[in-house]
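1. generate a structure from the sequence data that follows.
(2 chains)
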Protein chains: 2
Amino acid sequence: MRWVRYALNGTAGYGILDDNDRVTPVSGDPFSGYDKQAQRLSLEDVQLEVPVIPPTFYCVGLNYTKHIGDQGLKIPNKPDVGYRANNALIAHGQDVRMPADSLRVHYEGELVVIIGKKVRNIDVDDVKKCILGYSMGNDVSERNWQASDRTFWRAKNSDTFKPMGPWITPEIDISSMRTTVSVNGLVTTQFDTADMLFGIEEFVSTMSRYLTLYPGDILWMGTDGVSPDLQHGDVVDVSLTGLGTLRNRFIKEKAI
Amino acid sequence: MRWVRYALNGTAGYGILDDNDRVTPVSGDPFSGYDKQAQRLSLEDVQLEVPVIPPTFYCVGLNYTKHIGDQGLKIPNKPDVGYRANNALIAHGQDVRMPADSLRVHYEGELVVIIGKKVRNIDVDDVKKCILGYSMGNDVSERNWQASDRTFWRAKNSDTFKPMGPWITPEIDISSMRTTVSVNGLVTTQFDTADMLFGIEEFVSTMSRYLTLYPGDILWMGTDGVSPDLQHGDVVDVSLTGLGTLRNRFIKEKAI
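-> So this is what the prediction gives:
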């Protein structure tokens, strides 16, 4: 089973997606409790939404060796987490709008962890118990702004720069997963998800020593490899073994 | 009038605070609409809560000349906004818990802007129309972690490191405001709020060129001056002309 968040007739809700792509709507949500409803919907008939709007949006900046080297940065010696912003979230199938004055827009395919329970001071061995499931994110970045601005506010958090989805999968096997990114159907980046410098357990446990993680908080786990400069009309697919495909078209906005 | 968010009998809600410190509870909220209720409460009888839990928590890092110089940093040439995290928010009157391994914990008294309307591409002259009101924040920071970590995750976002409140005031006159911070009743920092490098209008208008601001988003406007290293039991008051006093005690946690 997988969790989907979807819109139908103007309201958003959660549903359980089965292996035949049928959606069982639920009342409530996967975080605070739910009841299955009698209705069955077809995945094709609903509009997928961002799987969760997080209370806090955490994102690991540098967690794969090649990506760090390509940016000329030092390899981190401890798991210092960063942040992204909710305004930028869009769902599977929605368009990334590249601002008119953007020049070098890149994708970053990432594994996403969704926290299911409130935790503080959690041991590495217990981290799995607080995770609701996993999804994918595309940490879209404008490299010129990333270099020129003092913060990542528009380089990484312009509206539509954070596609996430398509759904939440409760169980994964990190050891055998591969992240694949393709542009217009041609594979441009591939890396083993297990090559992370610091794993999910180490990040969550370390963070929880200083802060409380809440149900619905999300943690994006970083990326590897290099993206080409994306062009108007490009379609980017982020796929992780077992998690499906997050697809978004990139559209260049016209100057106002 | 001022807006308060408060808890009574286990639920949180908004109320309107009059000049005699009486609270008129409302159904709804100041963002999406409200109705006044017949009841009247005394401010003393309610537990003040953080005035709003923001969809996105923006914070201006370097916006006063002296504070920048004290940190040995360059003066920014454009308004690049940063971020803070919701887990760290606490209300007026709640304790800041300094982690057992923290060493140099400082206050930063700041003006807080609360966005009231959804806006994108807003002109400088129209910014005031999208603001619900103003409050105060204490951008508590551990300076050793701020220097040693790759990000501000625990230096500025450890649980309880973001006191905000006590309420929201709809109208202010920036030109005549002074920020005063005191520790245990002795004034330690004072600066003119109008000395900001980039004003509220410039920040909000610039941000809105790339991102949508939503009702409840908050923008902390930065600080000036230097804090002493805070000690267990210190009580810090942040006051801005016309906005009241945000008071929090600082408690040093014991090692686990």
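
2. going forward, measure contacts between C-alpha atoms and count neighbours the same way
-> Fine.

3. the helices in chain A, which residues?
-> Here chain A has its helices, by DSSP state H, at A:65-70, A:143-148, A:153-157, A:200-207.

4. export stretch A:157-176 to PDB, keeping only CA atoms.
-> What follows is the C-alpha trace of stretch A:157-176 in PDB, where atoms were taken according to Å, rounded to 0.1, in the frame of the first residue of the first chain:
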ATOM      1  CA  ASN A 157      12.800  28.400  -2.900                       C
ATOM      2  CA  SER A 158      11.200  30.200  -5.800                       C
ATOM      3  CA  ASP A 159       7.600  29.200  -6.300                       C
ATOM      4  CA  THR A 160       7.300  25.700  -7.900                       C
ATOM      5  CA  PHE A 161      11.000  24.800  -7.200                       C
ATOM      6  CA  LYS A 162      10.200  21.900  -4.900                       C
ATOM      7  CA  PRO A 163       8.300  19.100  -6.700                       C
ATOM      8  CA  MET A 164       7.500  16.300  -4.300                       C
ATOM      9  CA  GLY A 165       5.600  13.000  -4.700                       C
ATOM     10  CA  PRO A 166       3.900  11.200  -6.300                       C
ATOM     11  CA  TRP A 167       3.000   9.400  -3.000                       C
ATOM     12  CA  ILE A 168       4.300   8.000   0.300                       C
ATOM     13  CA  THR A 169       5.600   4.400   0.400                       C
ATOM     14  CA  PRO A 170       5.900   3.000   4.000                       C
ATOM     15  CA  GLU A 171       8.700   0.500   3.400                       C
ATOM     16  CA  ILE A 172      12.000   0.700   1.400                       C
ATOM     17  CA  ASP A 173      15.300  -1.100   1.300                       C
ATOM     18  CA  ILE A 174      17.900   1.600   1.000                       C
ATOM     19  CA  SER A 175      20.700  -0.900   0.400                       C
ATOM     20  CA  SER A 176      19.300  -1.900  -3.100                       C
END
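
5. buried residues in it?
-> Judged by neighbour count using 16 or more other Cα atoms under 10 Å in any protein chain shown, the buried positions of stretch A:157-176 are A:157-170, A:174.

6. now it: average pLDDT?
-> Mean pLDDT, taken over the full extent of stretch A:157-176, equals 96.

7. one step back: just name the most buried of the helices of chain A.
-> Mean neighbour counts were compared across these using mean count of other Cα atoms under 10 Å in any protein chain shown; the top stretch is helix A:153-157, at a mean of 23.

8. what lies in contact with that one?
-> Applying Cα atoms under 8 Å, 6 or more residues apart in numbering or on different chains, the contact partners of helix A:153-157 are A:84-85, A:87-88, A:139-146, A:149, A:162, B:80-82, B:210-211.

9. let's go with 6 Å and repeat that
-> The contact list for helix A:153-157 (Cα atoms under 6 Å, 6 or more residues apart in numbering or on different chains) reads A:85, A:88, A:141-142, A:145-146.

10. domain map for chain A?
-> Per automatic domain parsing, the domain ranges recorded for chain A read A:1-48, A:50-252.

11. which residues of the stretch 1-150 of chain A score low on pLDDT?
-> The stretch 1-150 of chain A contains residues with pLDDT under 70 at A:67.

12. what distance do you get for residue A:98 to chain B?
-> As defined by Cα to the nearest Cα, to the nearest Å, residue A:98 lies at a distance of 10 Å from chain B.

13. now do the contacts for that residue.
-> With contacts defined as Cα under 6 Å, 6+ apart, the neighbours of residue A:98 are A:251-253.

14. before we move on, what about residue A:230?
-> Contacts of residue A:230 were listed using Cα under 6 Å, 6+ apart, and they are residue A:105.

15. residue A:26 now?
-> Residues in contact with residue A:26 (Cα under 6 Å, 6+ apart) are A:14-15, A:34-37.

16. including pLDDT, distance to residue A:72 and neighbour count, could the contacts of residue A:98 go into TSV?
-> Formatted as TSV, the contacts of residue A:98 follow (pLDDT from 0 to 100; distance: Cα to Cα, whole Å; neighbours: other Cα atoms under 10 Å in any protein chain shown):
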residue	pLDDT	distance to residue A:72	neighbour count
A:251	98	29	18
A:252	98	28	19
A:253	96	30	14
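
17. where exactly do the strands run in the stretch 151-256 of chain A?
-> Secondary structure of the stretch 151-256 of chain A by DSSP state E, counting those that start in this stretch: the strands cover A:162-169, A:178-183, A:186-192, A:218-220, A:235-240, A:244-252.

18. coming back round to it: pick the most buried one from the domains of chain A.
-> The highest mean neighbour count among those belongs to domain A:50-252 (a mean of 20), with neighbours defined as mean count of other Cα under 10 Å.

19. so what would you say the end-to-end distance of that domain is?
-> As for domain A:50-252, its first-to-last residue distance stands at 22 Å under the measure Cα to Cα, to the nearest Å.

20. returning to that earlier point: can you put the contacts of residue A:98 in CSV and add distance to residue A:43?
-> What follows is these, written out as CSV (distance: Cα to Cα, whole Å):
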residue, distance to residue A:43
A:251, 25
A:252, 29
A:253, 30
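
21. ok, and what's touching stretch A:235-247?
-> Around stretch A:235-247, the neighbours that count as contacts under Cα under 6 Å, 6+ apart are A:92-93, A:109, A:165-166, A:177-184, A:248-249.

22. need the residues of the stretch 1-150 of chain A near chain B, please.
-> The stretch 1-150 of chain A has no residues near chain B, with proximity defined as Cα under 6 Å from any Cα of the partner chain.

23. strands of the stretch 1-150 of chain A, start to end?
-> According to DSSP E, counting those that start in this stretch, the strands that the stretch 1-150 of chain A contains are A:2-8, A:11-17, A:22-29, A:33-36, A:41-42, A:47-48, A:57-59, A:82-83, A:89-91, A:96-98, A:105-106, A:109-115, A:131-138, A:141-142.

24. for residue B:103, find the nearest of those.
-> In this view, the strands of the stretch 1-150 of chain A are compared for proximity to residue B:103 by Cα to Cα, and strand A:82-83 is the closest at 22.0 Å.

25. quick one, what contacts residue A:184?
-> With contacts taken as Cα under 6 Å, 6+ apart, residue A:184 has the following neighbours: residue A:235.

26. measure it to residue A:105 for me?
-> When Cα to Cα is the yardstick, residue A:184 and residue A:105 sit 15 Å from each other.

27. show me the contacts for residue A:116.
-> Contact criterion Cα under 6 Å, 6+ apart gives A:31, A:130-132, A:215 as the residues in contact with residue A:116.

28. give me the pLDDT value at the closest residue to residue A:78 other than its chain neighbours.
-> With Cα to Cα, 6 or more residues apart in numbering or on different chains as the criterion, residue A:78 has its nearest non-adjacent residue at 7.8 Å, and that residue is residue A:198. On pLDDT, residue A:198 comes in at 94.

29. and residue A:198, its phi and psi?
-> Torsion angles at residue A:198 (phi, psi; degrees, to the nearest 10) stand at phi -120, psi 130.

30. how much space between it and residue A:89?
-> Distance of residue A:198 to residue A:89, given as Cα to Cα: 25 Å.

31. ditto for residue A:41
-> Spatial separation of residue A:41 from residue A:89 under the definition Cα to Cα is 25 Å.
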